[in-house]
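Engineer: got a predicted structure here, sequence first:
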Amino acid sequence: MHNIRHILSEKGQDIWSVESTQTVYDAVRQMAELGVGALMVIDEGHLVGMFSERDYARKVILAGRASRETHVADVMTKDPTTIHPSATAQEGLALMTKKRFRHLPVMDDKVLVGLVSIGDLVNAVIDDQQALIEQLERYVAGQ
C-alpha cells in the first residue's frame, strides 16, 4: 500500500512557492510557467498558506479584484491542512475529499517536504487496487 512518502519519492519533492507579499499576478504567472494548479505560500521558511487556481477564480476574479494590485496574503488559504509522510494514499484522499481541496502539503516534524495532489493520490490508490487484484488472481489460480 502506497504511503505519502513513497508517492513523493516517485513524483519528486519539488516545492513550488511564493511569498505572501507577492502579487497574485506574479503567482498566477508562476503557476502557468510551471504547469501547476497551486503554490505553497512560504514566509521566512514557514508554510503560511496555499494559493490555488480556485483561490484566484473565487477571491480575485469573482470579487472584482485586480491581480496586479492584490497580494497573495489577501486571498490565500491560510494555515492549510497538512499530512504526514507516513499516512497512506487512502487517508490523504479521504482527507481531501472530506475537506474539498485538491492539493495537500506534506509536513514531517514541522518541515515541509512536498506536496501531493488529488491526482497523485487517486493514481496511487488505483495502483494499490490493481496490485491486490493481481495478487488475488494468483492466489485463486494456485500460484
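Structural biologist: Here it is on my side, so go on. Residues are numbered from 1 along each chain as shown.

Engineer: ok, and the closest non-adjacent residue to residue 5?
Structural biologist: residue 85 (3.8 Å; C-beta to C-beta, 6 or more residues apart in numbering). (Each C-beta comes from the backbone N, C-alpha and C, glycine too.)

Engineer: swap in residue 31?
Structural biologist: Distances taken as C-beta to C-beta, 6+ apart place residue 39 nearest to residue 31, at 6.0 Å, with adjacent residues excluded.

Engineer: cool, and residue 11?
Structural biologist: For residue 11, the closest residue by C-beta to C-beta, 6+ apart turns out to be residue 120, at 6.1 Å.

Engineer: for residue 66, give me the pLDDT.
Structural biologist: Predicted confidence (pLDDT) for residue 66: 96.

Engineer: wasn't residue 21 part of a helix?
Structural biologist: No: assigned with DSSP: H, G, I helix; E, B strand; the rest coil, residue 21 falls outside any helix and is coil.

Engineer: by contact count, what packs against the lengthiest helix in the chain?
Structural biologist: Scanning the chain for the helix with the most residues, using DSSP state H, yields helix 118-140. Applying 3 or more C-beta pairs under 8 Å, 6 or more residues apart in numbering; DSSP states H and E, we find helix 118-140 packed against helix 4-11, helix 89-99.

Engineer: change it to 10 Å
Structural biologist: Helix 118-140 sits against helix 4-11, helix 89-99, strand 103-108, strand 111-117, with contacts defined as 3 or more C-beta pairs under 10 Å, 6 or more residues apart in numbering; DSSP states H and E.

Engineer: centroid-nearest residue for this protein?
Structural biologist: In the chain, the centroid-proximal residue (C-alpha atoms, centre = their mean) is residue 103; its distance is 2.5 Å.

Engineer: okay, buried residues for the longest helix of the chain please.
Structural biologist: With burial defined by 16 or more other C-beta atoms under 10 Å, the residues of helix 118-140 counted as buried are 118, 120-121, 123-125.

Engineer: alright, calling it a day.
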